[in-house]
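Asker: Please find the sequence and the predicted model below.
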Amino acid sequence: MAERYGRIALVNLRHNLLPYLAAAVAFCLAAPLFMGTRNLDGVQSAKVIEMYLSFLGIILLMPVFAPDMNREIFDVVRSKKESMAVVSLIRIAQSVFFLLLAGFGFLFYLKAGNCDFSMAEGMYAFLADTCFLGGLGLAVFAVSDNVVFAYMIPVVYYIANIGGAKKYLGKLYLFSMQAGQIREKWILLAAGVLCIVFAVWYHLTFPWPVTYNGRHGKQ
């Protein structure tokens, strides 16, 4: 069983996830071009984590359903012994693993640059924000089968947080670490997990290409 799961993970890595991993690495390496990453105080460090690093969730969680947009790939996956639920969970586990790896690596880089923040709190804030933004996009992707729309919604939500919508967003405000309110991040994390669970359920219940190319297209 472990061998079968390993093959599924390897195929997903080679044929789906690899370009997104490259994009995530490039995104992290480009950080010093856009903001300071050395000798930051607590608020400045939180700003980098919440306002820059949180985009990794969109980059790495969105590819989970991308292969299923191709009818031929979808039919091949459905014909295999393992269920679509198992395949989806393996894809999500891979994305989360690399998300954690990228987050830890970047935070370690900040620490090496003499930035003042708690590693545990930084990882907590990073995981909550990335899980929420990525989960939101994944849920929209599952329902709409429109990748552009799926990327647009979390970006619009992110912009709303910058635009002074904190009083309307309440506990779902992305940048609370900068205000020293790290504890409420659990609500973002829980909402992100719920979005991912909903996305998987909806995608398995109403798969896109079962009878036509795209759930909202023509036969």
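Answerer: Cool, the structure landed.

Asker: Just want the most central residue of this protein.
Answerer: In the chain, the residue lying closest to the centroid (CA atoms, centre = their mean) is Gly57, at 2.6 Å.

Asker: is it true that that residue touches Leu99?
Answerer: Yes: between Gly57 and Leu99 there is a contact under CB atoms under 8 Å: 6.7 Å. Placement of C-beta: from N, CA and C, glycine included.

Asker: Identify the contacts common to these two.
Answerer: Among the neighbours of Gly57, those also in contact with Leu99 (CB atoms under 8 Å, 6 or more residues apart in numbering) are 130, 134.

Asker: what mean pLDDT would you report for the one helix or strand Ala128 maps to?
Answerer: Using DSSP states H and E, the element containing Ala128 is helix 119-144. On average, the pLDDT along helix 119-144 is 95.

Asker: Quick check: buried residues in that helix?
Answerer: 121-122, 124-143 (16 or more other CB atoms under 10 Å).

Asker: So which elements touch it?
Answerer: Packed against helix 119-144 by the contact rule (3 or more CB pairs under 8 Å, 6 or more residues apart in numbering; DSSP states H and E) you find helix 42-51, helix 56-61, helix 84-112, helix 147-162, helix 185-205.

Asker: so who does the residue nearest to the centre of the chain touch?
Answerer: If a contact means CB under 8 Å, 6+ apart, then Gly57 has 99, 129-135, 137, 154, 192 as its contacts.

Asker: Repeat that for His15.
Answerer: Contact analysis of His15 by CB under 8 Å, 6+ apart lists Pro67.

Asker: Also Ile59?
Answerer: Ile59 neighbours (CB under 8 Å, 6+ apart): 20, 23-24, 27.

Asker: just checking, Ser54 touches Tyr158?
Answerer: Yes: with contacts counted by CB under 8 Å, Ser54 reaches Tyr158, the gap being 7.4 Å.

Asker: Looking at those two now, which is surrounded by more residues?
Answerer: Remark: of Ser54 and Tyr158, Ser54 carries more neighbours, 27 against 20, as counted by other CB atoms under 10 Å.

Asker: The more buried one: what's its closest spatial neighbour, skipping adjacent residues?
Answerer: Excluding the flanking residues, the one nearest Ser54 by CB to CB, 6 or more residues apart in numbering is Asp129, at 3.8 Å.

Asker: Many thanks, I have nothing further to ask.
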